[in-house]
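This is a predicted model, with the sequence first.
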Amino acid sequence: MRKFGILVVVFLTAATILPAKKLTGYEIMKTALNKGGWKTMSASVEMILTNASGKMRRRIIQMYTRKRTENESDMLMRFVYPADVKGTGFLLIERENADDLRYLYLPALRRIKRIASSGKGGNFMSSDFTYYDIGKPKLDDWKYKLLGTETVGGKACYKIECLPASEKIKEETGYGKIIRWIRKDIFLTVKSVYYDKGLAKWKILTVPDYSQIGGVWFQTDMVLRDIQNNHTSEMIFSDIKINNIIPSKFFTKRFLQRGVK
Amino acid sequence: MKKLLIFVVLFFLAGATTKTNAQDFSFGGYVKFFAHPNLNSPYRLDKLGTRLQLKAQGSASEAVDFFTAIDFNNDLADSLNPGKMRIYPVESYIDLFLVDWLDIRIGNQFIFWGTTNWINPTDNINPWDYVNISAEVEDYRVPVTAAKFDFYPSDSFTLEFVWLPVFQANKIPIELPDRMGPLAVNLNSPELPETKLANSQFAFRLSSSLPWFDYSLSYFHGYDKNFSLYSETMFGQNPQIFFTPKYEKIDIFGADFVTTFDKFALQGEGAFFKTTDKDGKNIFVENNHLKYVLGADYYFSDKVTLNLQFIQNIRFNYDKTTEEKARTQNGMPPDTAPDKTEQSASAMLKINSGDFFTVQIISVVNLKDKDFFLLPILNYNLADAVNLYCGATIFSGKESSPFGRNKKYSRFFLELKYGF
């Protein structure tokens, strides 16, 4: 099974100044994906879910993540708001040659439950983001084509078409096509449009805010609108720390239940 | 009582509003309204009232955490204390993280073991409150006073040791007829193990996460939380039979595993119960037996999960005909003798609909008598941390069957809960 990447880096990455030659779609994506200059990261994530009738739900999650190997990451998350889900924890351990391990800690039941992987296309914490969306996609999962340049939010962007490299990727992600707009100056994805397997427009990602932390560009506010179900998820990152010391033991069932101090 | 109540509330309020010496302190809890009408005529209210739970937790230092949750329960339908506020700790414990390879928790706590759903042969530390089944674990499981030591020799192995100085029994109603034939029936007080160090209970569990599956091996030494109902018949002018609930020693050897592949999670859990009736001749005590559960979760999607399980209980050194004869000789109804093997099945379906609705249906059916227990729960999230729960605990089946004889406890429940 393909490995799950690290939160946030998905759509984003570091700024790089490239030689002034005409880049291909593949080269642009390679630059964008390979500039995550960090090994560990912790952040507070506010998630706002809005349904078709405008009703909103707010969640705040404390998350810790690390790159264990080139293609394997670990992630530990814990809900801190609202009170009825506070303490709920989620541990994800990526494995390159096997299904990822997923553990859920439910404080109401005082139990850790090993849960099946619902696939990369599964929804992340009941949001419109999938596990694939929030992970770092592997470059070779997709075939790229540079469609041209367009301006998004007043910034010049490359417009890239991404098509699944195989039927497996298409099935796993649920996406038949993704169009990405990547800022030319910092190689950060600032907009994406996702199409379903039948190539109907499905979700639109916008990035109202991003910032540079420790030399790495992060999308600190992402809004994903599911236009088929008229549902929106917003993820706002704060208190981002990179390359801070997060011991490997944190990414175990012990700390899933106990919490990280 | 009033002074105690004021003190406790002031303590929590003080904690919420003032700075303490603790490095970290948080305060929370919930308020809940509940109504549980019985589903049998005349549909009396089994429970009706409100509850305030106050929780406080924090760190006194890097090495010391504490947690306490106290319930203030006002149940107008409580037949023992109608309309009286009951104040009791749900959990109160201290965590010690003195060295890197050891976590210690001391106090009133929940310790649940096992990997299967709802029925866990290795889950033998916290008693059940069988007449209080509802949406919340805290209502139907009883916290125990214990010291728990978790050793971590590596990131993938854990050795747990639990010491339980005091025995606490399952809460099971004992209901007997006034007469059994010519015999007047009397029920004596339960004989509980004396509270002394020599009667301490303890348990071990070794658990590990291997690349392909998680497993654990466990052992419990203590007392059976279900009573053995001894009878003694006295003949004479007024023949009588006396029943005495007693709690027998027991050793339980358990194991469990869980593994996942694709959209499946497979779980298995079993335990051998070594009772005091080694040769199966004591009709009052459960024979040695093996109970196991095999099950699977299937994740249709992130919103729909189905769990199916098969449960079997096998008694050793047991012959039903002999048991029935022995029961008759002791003035007990022979039809209470169980089968040598018993099979059950359970199912749990969970559906999350949108951001606001969750439906969960849990059922257990005994395959021989087709008696069953059904627990449907509908949860509607009214706002952040505000939930409406409604559902029912339904027991059904022949009067002589395990679930059938609990029909009178079938009830509907409606709860409105706000967490803070």
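Arrived safely.

contacts, neighbours, all on C-alpha from now
Fine.

Count the neighbours of residue 40 for me.
Because you didn't say which chain, this covers chain A. Under the neighbour criterion other C-alpha atoms under 10 Å in any protein chain shown, residue A:40 is assigned a count of 21.

you looked at the wrong chain, it should be chain B
Residue B:40 has 12 neighbours, counted by other C-alpha under 10 Å.

isn't it right up against residue B:412?
No - using C-alpha atoms under 8 Å, residue B:40 is not in contact with residue B:412, being 10.1 Å away.

remind me which residues of chain A are low pLDDT?
Per-residue confidence for chain A (pLDDT under 70) gives these ranges: A:1-21, A:36-37, A:118-121, A:136-137, A:261.

Let me see the ranges of the strands in it.
A:40-50, A:56-67, A:73-81, A:89-93, A:101-106, A:111-115, A:142-152, A:155-164, A:175-183, A:189-196, A:201-213, A:216-226, A:231-242 (DSSP state E).

does any part of the fourth one sit near chain B?
No - Strand A:89-93 does not reach chain B (C-alpha under 8 Å from any C-alpha of the partner chain); its nearest approach is 10.5 Å.

Likewise for the third one?
No - under the criterion of C-alpha under 8 Å from any C-alpha, strand A:73-81 makes no contact with chain B; the nearest approach is 8.5 Å.

outside of that strand, which residues touch it?
By C-alpha atoms under 8 Å, 6 or more residues apart in numbering or on different chains, the residues outside strand A:73-81 that reach it are A:3-6, A:58-68, A:85-94, A:250-251, A:256, A:259.

Quick check: buried residues in the longest helix along chain A?
Longest helix in chain A, counting residues (DSSP state H): helix A:25-33. Buried residues in helix A:25-33, counting neighbours by 16 or more other C-alpha atoms under 10 Å in any protein chain shown, are found at A:25, A:26, A:28, A:29, A:31, A:32, A:33.

packing partners for that helix?
On a contact count with 3 or more C-alpha pairs under 8 Å, 6 or more residues apart in numbering or on different chains; DSSP states H and E, helix A:25-33 meets strand A:142-152.

Can you list the strands that the strand it packs on pairs with?
Strand A:142-152 pairs in its sheet with strand A:155-164 (antiparallel), by DSSP bridges.

by how many degrees do the strand it pairs with and helix A:25-33 diverge?
Here the directions of strand A:155-164 and helix A:25-33 differ by 110 degrees (axes from the mean of the first three to the mean of the last three C-alpha atoms, to 10 degrees).

tally of neighbours for residue 187?
This is for chain A. Residue A:187, neighbours per other C-alpha under 10 Å, totals 27.

hm, I was asking about chain B
The number of residues packed near residue B:187 is 16, by other C-alpha under 10 Å.

Ramachandran coordinates for the residue lying closest to it once chain neighbours are set aside?
Nearest-residue entry for residue B:187: residue B:243, 4.9 Å, with adjacent residues in sequence omitted and distances by C-alpha to C-alpha, 6 or more residues apart in numbering or on different chains. When read as degrees, to the nearest 10, the backbone of residue B:243 gives phi -110, psi 140.

which ones are touching residue B:243?
Residues in contact with residue B:243 (C-alpha under 8 Å, 6+ apart) are B:185, B:186, B:187, B:188, B:229, B:230, B:231, B:232.

Highest neighbour count among those residues?
residue B:231 (21 neighbours).

what's the helix or strand for it?
Element membership for residue B:231 (DSSP states H and E) is strand B:228-234.

residues in contact with that strand?
Contacts of strand B:228-234 (C-alpha under 8 Å, 6+ apart): B:239-248, B:284-286, B:330-331.

in its sheet, what does it sit against?
Next to strand B:228-234 in the sheet, as set by DSSP bridges, lie strand B:240-246 (antiparallel).

For the strand it pairs with, buried residues please.
Across strand B:240-246, burial judged by 16+ other C-alpha under 10 Å covers B:240, B:241, B:242, B:243, B:244, B:245, B:246.

Stretch B:302-322 too?
Neighbour-count burial for stretch B:302-322 flags B:302, B:304-316, B:318 (criterion: 16+ other C-alpha under 10 Å).

surely residue B:374 meets residue B:364?
Yes - here residue B:374 lies in contact with residue B:364, judged by C-alpha under 8 Å, at a distance of 6.6 Å.

got the contact list for residue B:39?
Contacts of residue B:39 (C-alpha under 8 Å, 6+ apart): B:408, B:409, B:410, B:411, B:412.

can you rerun that using 7 Å?
Contact analysis of residue B:39 by C-alpha atoms under 7 Å, 6 or more residues apart in numbering or on different chains lists B:410, B:411, B:412.

what residue lies at the spatial centre of chain B?
residue B:128 (3.0 Å; C-alpha atoms, centre = their mean).

Of the contacts of strand B:228-234, which is the nearest to chain A?
residue B:247 (27.1 Å; C-alpha to the nearest C-alpha).

gap between that closest one and residue B:232?
Using C-alpha to C-alpha, to the nearest Å, residue B:247 is found at 16 Å from residue B:232.

so what's the nearest residue to residue A:85 once chain neighbours are set aside bridging to?
Excluding its sequence neighbours, the residue lying closest to residue A:85 (C-alpha to C-alpha, 6+ apart) is residue A:79, at 6.4 Å. Beta-bridge partners of residue A:79, counted by DSSP bridges, are residue A:61.

got the residues of the stretch 251-400 of chain B near chain A?
B:260, B:261, B:262, B:263, B:264, B:265, B:299, B:301, B:302, B:384, B:385 (C-alpha under 7 Å from any C-alpha of the partner chain).

10 Å - rerun?
For the stretch 251-400 of chain B, the contact set with chain A under C-alpha under 10 Å from any C-alpha of the partner chain comprises B:258-267, B:297-303, B:352, B:354-356, B:381-387.

ok, back up a step: now the buried members of the contacts of strand A:73-81.
A:3-6, A:58-67, A:85-94, A:250-251, A:256.

Extract the residue ranges of chain B that are flagged as low pLDDT.
Using pLDDT under 70, the flagged stretches of chain B are B:1-23.

can you give me phi and psi for the residue nearest to the centre of chain B?
Main-chain torsions, residue B:128, degrees, to the nearest 10: phi -100, psi 150.

Quick one: residues contacting it.
The contact partners of residue B:128, by C-alpha atoms under 10 Å, 6 or more residues apart in numbering or on different chains, come to B:137-143, B:168-172, B:225-226.

and the residues you listed near chain A, which?
Near chain A, by the rule C-alpha under 10 Å from any C-alpha, you find B:137, B:138 out of these.

Just the buried residues from the contacts of residue B:128, in ChimeraX please.
A single ChimeraX command suffices to select whichever of these are buried according to 16+ other C-alpha under 10 Å:
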select /B:137,138,139,140,141,142,143,168,169,170,171,225,226
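
mind putting the contacts of residue B:128 in JSON lines, secondary structure and distance to residue A:181 included?
What follows is the contacts of residue B:128, written out as JSON lines (DSSP: H, G, I helix; E, B strand; the rest coil; distance: C-alpha to C-alpha, whole Å):
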{"residue": "B:137", "secondary structure": "helix", "distance to residue A:181": "49"}
{"residue": "B:138", "secondary structure": "helix", "distance to residue A:181": "50"}
{"residue": "B:139", "secondary structure": "helix", "distance to residue A:181": "53"}
{"residue": "B:140", "secondary structure": "helix", "distance to residue A:181": "54"}
{"residue": "B:141", "secondary structure": "strand", "distance to residue A:181": "54"}
{"residue": "B:142", "secondary structure": "coil", "distance to residue A:181": "56"}
{"residue": "B:143", "secondary structure": "coil", "distance to residue A:181": "55"}
{"residue": "B:168", "secondary structure": "coil", "distance to residue A:181": "64"}
{"residue": "B:169", "secondary structure": "coil", "distance to residue A:181": "64"}
{"residue": "B:170", "secondary structure": "coil", "distance to residue A:181": "62"}
{"residue": "B:171", "secondary structure": "strand", "distance to residue A:181": "63"}
{"residue": "B:172", "secondary structure": "coil", "distance to residue A:181": "64"}
{"residue": "B:225", "secondary structure": "coil", "distance to residue A:181": "64"}
{"residue": "B:226", "secondary structure": "coil", "distance to residue A:181": "65"}
